[in-house]
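Student: A predicted structure for the sequence below; I have some questions about it.
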Amino acid sequence: MGHKLKITGWVAAGAVAGVLTTVSLQTVARGSLAPLPLEELQQLAAVFGMVKSDYVEPVDEKKLISDAISGMVAGLDPHSQYFDKKSFKEFREGTTGRFVGVGIEISQEDGLIKVVSPIEGSPAFRAGLKPNDLITKIDDTAVRGLSLNEAVKRMRGEASTKVLLTIFRKDENRTFPVTITREEIRTQSVRGKIIDPGYGWIRVSQFQERTVDDFVKKVEELYKADPNMKGLVLDLRNDPGGLLDAAVAISAAFLPENVTVVTTDGQLAESKSIYKAAPEFYQRRAGSDPLKGLPASLKSIPLVVLVNEGSASASEIVAGALQDHKRGTIMGSQTFGKGSVQTVRPLGPDTGLKITTARYYTPSGTSIQAKGIVPNVLVDETAEGSPYAALRTREADLEKHLASGQGPESKNPEREKARDEARKRLEEEAKKPPQDRKVPEFGAADDFPLMQALAQLKGTPVLVSKTQVERKEEKKEN
């Protein structure tokens, strides 16, 4: 299988839905199968027959089987999943950075769908949706009680069709309807600019098919704008992952040729792989190295990598590779901790199974599963600290998450206490006027972590966090 392994996210209806996963596409053929538990399979068949014959009303046989498979796989871990026809199509579309939807990144809050950010230029952006808006209804369906994936599916649809969203805007204390026409969304995964003479900032928000080409183009633009580049900030905050070849390429842009970027290990032979900073591990066309035109100084320019709790999967691979090879300084908050590999096996022409098959490791052999990358320099979100960081979901918070496989786990008894305190602070913050509680945009002049990264590059004092400590892997409760 080699370098064809991919780390891909679930992107639908303009939303990053669920946690990004590491996947590869394989056939289901196997040389040998373990003996089947015949007695248990007979029980399964008996239950199927009883439901078919005894249930209060007729049930669809295909749905029964589909639900049985879904339940079996969902009981394994948070990232294994059965794909029906529709979800499999959405999954495969997610790696391209193109999809039909309304154009919002979302999360869940109190059973409702929260708008994290409308994608610039999208239908949702043009309709005036704002961060922190709550979606209470999708068409005639109440959102409360729906899973994030179910809500995403309802917002997806065919291009040029309409969807009615009912919005509750907390800071204005009002509810209002918004009709949005779905269209193809093309997410822009790379941004950048000169933040100070001689210092550049490049933000990668997700690793997609166009990310490497866009990254090369942006680097060339920055060097053209300022040929005497003295330092660079690679911003991976809130980057939930993407394609592995893109992550390897971005790592290779800064690393010596042929050094290890990431390894994977699992029960299957094809799960044991090493990915290096060489064209054969990231090029999409034979004989074509997309990084060939990059300035040679990119291999040695002073580098700071910004991460936070939202940096997951592929972005953790990049941060881990650059950290282990001592190529730059990792700054910010401890990352999400998504360190498992999922393999997607087609079950037919339009269904599939995503199943966890391996863990991935940084070049030093460290598993980041349920722990994350610990920055070299811990920096808060603001000069006053990171008051809401405890509310963010991490891999270790997910039910049935895998252990790292490297030593015993430990439980942090202060976790829930910190969350309670953060919730109270958030409630107090919500009472302030909107202009007083706007979170600075990444890359803005008042972006506190970015200013600390610039100080690090210039060799001036950095305001290091006084409260953050390394987060140990948390023990799962059975």
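Tutor: Yep, that arrived.

Student: burial count for Lys85?
Tutor: When neighbours are counted by other C-beta atoms under 10 Å, Lys85 registers 13. In this view, the C-beta of every residue, glycine as well, is placed from N, C-alpha and C.

Student: for it, which non-adjacent residue is spatially closest?
Tutor: Asp350 (4.4 Å; C-beta to C-beta, 6 or more residues apart in numbering).

Student: tell me who's in contact with the nearest residue to Lys217 once chain neighbours are set aside.
Tutor: Excluding its sequence neighbours, the residue lying closest to Lys217 (C-beta to C-beta, 6+ apart) is Val190, at 7.9 Å. Taking C-beta atoms under 8 Å, 6 or more residues apart in numbering, we find Val190 in contact with 202-205, 211, 214-215, 217-218.

Student: what bridges to Val190?
Tutor: On the basis of DSSP bridges, Val190 takes part in beta bridges with Val204.

Student: measure it to Asp245 for me?
Tutor: 15 Å (C-beta to C-beta, to the nearest Å).

Student: same check, this time on Ile373
Tutor: For Ile373, the distance to Asp245 equals 20 Å [C-beta to C-beta].

Student: cool, and Ala370?
Tutor: Ala370 is 25 Å from Asp245, by C-beta to C-beta.

Student: lowest-pLDDT helix or strand in this structure?
Tutor: Between all helices and strands in the chain, the lowest mean by mean pLDDT, DSSP states H and E belongs to strand 11-12, at a mean of 22.

Student: got a ChimeraX select line for the buried ones in the contacts of Val190?
Tutor: In ChimeraX, this line selects whichever of the contacts of Val190 come out buried by 16 or more other C-beta atoms under 10 Å:
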select :202,203,204,205,211,214,215,218
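
Student: before we move on, the earlier item: for Ala370 and Asp245, indicate the residue with more neighbours.
Tutor: Ala370 (27 against 24).

Student: what helix or strand does the more buried one sit in?
Tutor: Using DSSP states H and E, Ala370 maps to neither a helix nor a strand.

Student: and the strand or helix carrying Phe48, how far out from the chain's middle?
Tutor: Secondary structure from DSSP H and E places Phe48 in helix 38-54. Offset of helix 38-54 from its chain centre (C-alpha atoms, centre = their mean, to the nearest Å): 39 Å.

Student: same question, stretch 335-346
Tutor: Its chain's C-alpha centre and that of stretch 335-346 lie 11 Å apart, by C-alpha atoms, centre = their mean.

Student: next, count neighbours for Val261.
Tutor: If we define neighbours as other C-beta under 10 Å, then Val261 has 28 of them.

Student: how about it, phi and psi?
Tutor: Main-chain torsions, Val261, degrees, to the nearest 10: phi -100, psi -50.

Student: I'd say it and Tyr282 touch.
Tutor: No: counting by C-beta atoms under 8 Å, Val261 does not reach Tyr282; the two are 9.0 Å apart.

Student: what's the overlap in contacts for the two?
Tutor: Contact with both Val261 and Tyr282 is made by residues 248, 252, according to C-beta under 8 Å, 6+ apart.

Student: tell me which helix or strand Met331 sits in.
Tutor: Using DSSP H and E, the element containing Met331 is strand 329-332.

Student: what are the buried residues along the helix or strand following that strand?
Tutor: The helix or strand immediately downstream of strand 329-332 is strand 340-346, counting by DSSP H and E. Residues 340-345 are the ones in strand 340-346 that count as buried (16+ other C-beta under 10 Å).

Student: can you add distance to Thr357 and pLDDT and give those back as JSON lines?
Tutor: What follows is the buried residues of strand 340-346, written out as JSON lines (distance: C-beta to C-beta, whole Å; pLDDT from 0 to 100):
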{"residue": "Ser340", "distance to Thr357": "9", "pLDDT": "85"}
{"residue": "Val341", "distance to Thr357": "6", "pLDDT": "78"}
{"residue": "Gln342", "distance to Thr357": "7", "pLDDT": "77"}
{"residue": "Thr343", "distance to Thr357": "4", "pLDDT": "78"}
{"residue": "Val344", "distance to Thr357": "10", "pLDDT": "79"}
{"residue": "Arg345", "distance to Thr357": "9", "pLDDT": "87"}
